[in-house]
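please find the sequence and the predicted model below.
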Amino acid sequence: MPVRMRLVGVASLMALAVGPACASAQQATFEADRLSEHVRILSQDSFGGRRPATDGERLTLDYLQAQYEAMGMEPAGPDGQWRQPVTLTRYTPQPGASLTASIGQRTVDLVAAGAATVRAAYGDGQASVTNAPVVFAGYGIHAPERDWDDYGDLDVSGAVVIVMMGEPADTRFNGEFPTLYSLDLYKTEEAFRRGAAAVLFVLPIASGDPAFGRAVTQSALASTTVVGVENIEATGYLAIDPLTEWAQGSGLDLERAFAKAENGTFRASVLEGVRLSLNAVETVEEIQTWNLMARIPGTERPEETVIVSAHWDHVGSRDTPDSDGDTIYNGAWDNASGTAGVLEMARVLSSGPAPERTIVFAHMAAEEMGLLGGYYYAENPIYPLETTVADINIDMLPLSPPTRDLPIFGLGQNSLEDDLAALAAEEGRVITDDGQPEQGFYYRSDHFPYALAGVPSLMPWHGVDWDEGGREAGEPAYRQQWTTRYHRRADEWSADLDWRSAVENLELLRRLATDLANSERWPTWHETSEFAATRAASDAARR
C-alpha cells in the first residue's frame, strides 16, 4: 500500500499560496517545488482519487479555495461564489429493452436476438418509438466546410437513423487524426437536430461474433450526462446482418453504398419495407458536483474573459486491490499536475500587473466522467461565451527534462497555436501534433466543450524531443510513463518527478495568456475548422 500522507493544515496552505514571491512587486516565476507540493497534497491517499460526490471532492475543493483565498483572488463562480453547482444525471439500463423490426408480416426483437442494443440515457430515461421508418445515412455527417453532406435533402423527422461509426478516409478530413465528425456525440446531435427519433450505430460485426457480444456488454454500463441537455429519444448499436437484410429488401446495394460513403457521393436513403419500434427504461440518479473558479478582474475590458482551465477530478478507488494491495487511483499526473499548473499560473499572473481583460482560473468537475463539468459550463456560462477570448487547458503537465518540441492537441485548428508557435520559436522550440492520432485527444479534455461552443481553445501536451538525448531518450521515456501511469494506480506522487519541462511550458502559456489578456484582438478558428461556423455566428458581439 502507498504511504498515507498527512493533509497539511491551513497555515501551511497559506504559506504555500502566498510565499515571498507574491509579496514582492516583481512578478513571480514558476517553481518546480510548488508544483510538486500541490501534486503531493492533491494525490495523497486521503483524497481517495478525487472522485465527484466523495470526501475526496470536498478535500480537493476546500484545498483549491484556500489557495485562492490566500492569494487574495476573487471568486469567479455564480453570484460571487467560488463554486458553480454542476448537477449530473446517471442512467442505468433496466431489463426489458426491445428493438423490434417489422418486415412485412414478420417481426423480430433484435435485442432479444443479440443483434442490437438500445438505451434511453437522456431526459427522463424512458424511450418509446412505434413503427418508425428506417434511414441509412452513411456516416451521418454534415460538414459544409468540407463540402460533405450525407443527409442531402432527405427529411428524417421521426425516423430511426442508422449511421456508420468513425469518419471517411477522404482527403477532406484530417487523415490519421480524427475530427469532430467521427464522434458518436456529434452524430447523435446531428440526427437529433434533424428530428430523428433514435440513432443506431452499425458495427461491421455479425450478431454472432463474440466482438459484438462484448459491445453489448459495454453498452449496458451506467452512463452519466449533464442535467437538462436535450437529446434524442434513444441510441443503440446494430450488428451488420440486420442492416444487410434490410438493404437487400429495399433494393439498396449496401456494398456500393459503403463505398460511396467513403468518397462523399452517398446520400441518406430510406430502407423501404422495414419499420422499427423500441422501448427502453433507465434508472435515473442525480449527482451533485462543482466547478471551482477564481479570477483576476480586467482593468479595461473586464467583460472579455481569458480562461485557464484544468479538471480537478480523477477516477476514485476500487474495492479490489491490485497486486500491490493498492485500491486508490491517486491521479498525480492526471490531473493533479494540471490542477497544480493552474494554481501556479494564478499565483504568477496575480503577482504581476493587472490585466486589461479578466482572467478566470477554472477547475472543472467530472472530466473523467465525460467532460461533464466543461459541458455544464458551456450550457450555463458565467461569462458570455461570445466574449470569452480563449480557453487554455492544462491536462497532465509534462514530467520530463526540457524539450525542443511542444506538442498540442488538434494541430491546425486555430490561431492560438500560431501565437504559441511564435513564442516557442523565440526559445528555439517547435509546435508539433500530439503524435498519437489513435487517441483522438482533441475531443477528450476540458478544452473540447469550449471549442464545441465556438471558443478558440488550446491544449498543450507532453514533449518527447529532449534537449539532451533527443527523441532517442524522450520517446521511450514517454511511452513508459504512458503505459505505467495513465489511469493506473501507480500514478502517484514521488519526490523525484521531473518538473523542468512543466515549468518551461507554463512560462510559455503565461506569456500567451498575458498577451491575450492585454490585447484587443480575438483569436480565430481556421477556415477548415469544424468549430469556425459556431464562432462566426456571434461575430457581432466582438465588434
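In hand now; what should we look at?

and the closest residue in space to R511 that isn't next to it in sequence, how far is that from D405?
In space, R511 comes closest to L423 once its chain neighbours are excluded; the distance is 5.3 Å by Cβ to Cβ, 6 or more residues apart in numbering. C-beta here means a position set from N, CA and C on the backbone, and glycine is covered the same way. To D405, L423 is 14 Å away according to Cβ to Cβ, to the nearest Å.

please apply the same query to S529.
For S529, the distance to D405 (Cβ to Cβ) stands at 23 Å.

quick one, what contacts the residue nearest to R511?
508, 511-512 (Cβ atoms under 8 Å, 6 or more residues apart in numbering).

same list (the residues you listed) but as CSV, adding pLDDT.
Shown next, in CSV, are the contacts of L423 (pLDDT from 0 to 100):
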residue, pLDDT
L508, 98
R511, 98
L512, 98
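
who wins for neighbours among the residues you listed?
L512 (24 neighbours; other Cβ atoms under 10 Å).

which residue of this structure sits farthest from its center?
Q105 (45.6 Å; Cα atoms, centre = their mean).

mind checking pLDDT for that residue?
For Q105, the pLDDT comes out at 91.

so how far is G273 from it?
Taking Cβ to Cβ, one finds Q105 at 12 Å from G273.

strands of the stretch 351-500 of the chain, start to end?
Secondary structure of the stretch 351-500 of the chain (DSSP state E, counting those that start in this stretch): strands located at 357-364, 388-393, 405-407, 430-432, 457-458.

so what's the nearest residue to D395 once chain neighbours are set aside up against?
Closest residue to D395 in three dimensions, ignoring its sequence neighbours and counting by Cβ to Cβ, 6+ apart: S445, at 4.3 Å. By Cβ under 8 Å, 6+ apart, the residues touching S445 are 311, 367, 371, 393, 395, 409, 459.

wouldn't M364 be in contact with G374 here?
Yes: contact status for M364 versus G374: in contact at 5.1 Å, counting by Cβ atoms under 8 Å.

shared neighbours of the two, which are they?
Common contacts of M364 and G374 (Cβ under 8 Å, 6+ apart): 309, 311, 446.

mind checking which of the residues you listed are in helices?
If you go by DSSP state H, those have nothing in helices.

quick check, nearest of those to R90?
Nearest to R90 among the shared contacts of M364 and G374: H311, at 18.2 Å, using Cβ to Cβ.

partners of the closest one in the sheet?
Beta-bridge pairing for H311 (DSSP bridges): M364.

can you pull the contacts of it?
So H311 contacts 335, 338-339, 363-368, 373-374, 395, 445-446 (Cβ under 8 Å, 6+ apart).

for the protein, just list every one of the helices.
Using DSSP H, helices in the chain cover 10-23, 32-42, 55-71, 184-193, 210-219, 240-250, 254-263, 338-350, 372-379, 415-425, 447-452, 470-485, 500-517, 532-536.

what does the fourth one contact?
Residues from elsewhere that reach helix 184-193, judged by Cβ under 8 Å, 6+ apart: 137, 139-142, 151, 156, 161, 163, 165, 180-181, 199, 201, 230-232, 235.

where does the stretch 1-150 of the chain have low pLDDT?
1-25 (pLDDT under 70).

ok so, going back, for R488, state which of the shared contacts of M364 and G374 is nearest.
In terms of Cβ to Cβ, no member of those lies closer to R488 than H311, at 17.7 Å.

and that closest one, how far from M364?
From H311 to M364 the distance is 5 Å (Cβ to Cβ).

mutual contacts of those two, please.
Each of 373-374, 446 lies in contact with both H311 and M364 under the rule Cβ under 8 Å, 6+ apart.

JSON lines for the strands of the stretch 351-500 of the chain, including mean pLDDT and distance to D319?
Putting the strands of the stretch 351-500 of the chain into JSON lines (pLDDT from 0 to 100; distance: least, Cβ to Cβ, whole Å) gives the following:
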{"stretch": "strand 357-364", "mean pLDDT": "98", "distance to D319": "27"}
{"stretch": "strand 388-393", "mean pLDDT": "98", "distance to D319": "32"}
{"stretch": "strand 405-407", "mean pLDDT": "98", "distance to D319": "37"}
{"stretch": "strand 430-432", "mean pLDDT": "97", "distance to D319": "41"}
{"stretch": "strand 457-458", "mean pLDDT": "98", "distance to D319": "37"}
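
where does G410 fall, phi/psi-wise?
The phi/psi pair for G410 (degrees, to the nearest 10) reads phi 70, psi 40.

look up how far W482 lies from it.
In this view, G410 and W482 are 19 Å apart by Cβ to Cβ.

those two: which is more packed in?
Applying other Cβ under 10 Å to G410 and W482 shows that G410 carries more neighbours, namely 26 against 16.

doesn't Q439 make contact with that one?
No: if you go by Cβ under 8 Å, G410 and Q439 don't touch, sitting 11.7 Å apart.

now for the two: what residues contact both?
Listed contacts common to G410 and Q439 are nil; contacts here mean Cβ under 8 Å, 6+ apart.

list the buried residues for the lengthiest strand in the chain?
For the chain, the longest strand by residue count, based on DSSP state E, is strand 269-296. Using 16 or more other Cβ atoms under 10 Å as the test for burial, strand 269-296 gives 269-271, 274-282, 284, 287, 289-296.

any chance of the contacts of H311 in TSV, with distance to E472 too?
Formatted as TSV, the contacts of H311 follow (distance: Cβ to Cβ, whole Å):
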residue	distance to E472
N335	29
G338	28
T339	32
H363	37
M364	36
A365	40
A366	39
E367	33
E368	33
G373	39
G374	37
D395	27
S445	29
D446	33
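
now, among those residues, which is nearest to A354?
Distances from A354 to the contacts of H311, taken by Cβ to Cβ, are shortest for H363, at 21.9 Å.

G412 against T528, yeah?
Yes: G412 is within contact range of T528, at 7.4 Å (criterion: Cβ under 8 Å).

how far off centre is stretch 181-193?
Its chain's C-alpha centre and that of stretch 181-193 lie 15 Å apart, by Cα atoms, centre = their mean, to the nearest Å.

what comes up buried for it?
Applying 16+ other Cβ under 10 Å to stretch 181-193 flags 181-183, 185-192 as buried.

ok, so what distance separates F47 from G56?
On the measure of Cβ to Cβ, F47 and G56 end up 4 Å apart.

for stretch 249-267, buried residues please.
Within stretch 249-267, the residues that qualify as buried are 250, 252, 254, 257-258, 261, 264, 266-267, counting by 16+ other Cβ under 10 Å.

hmm, I typed the wrong one, I wanted stretch 118-131.
Within stretch 118-131, the residues that count as buried by 16+ other Cβ under 10 Å are 118-123, 125, 127, 129.

swap in stretch 450-464?
Within stretch 450-464, the residues scored as buried using 16+ other Cβ under 10 Å are 450-464.

relative to S519, which of the residues you listed is nearest.
Using Cβ to Cβ, P456 is the member of those that lies nearest S519, at 13.1 Å.

pretty sure that closest one sits against N414.
Yes: applying Cβ under 8 Å as the test, P456 and N414 come out as touching, 4.4 Å apart.
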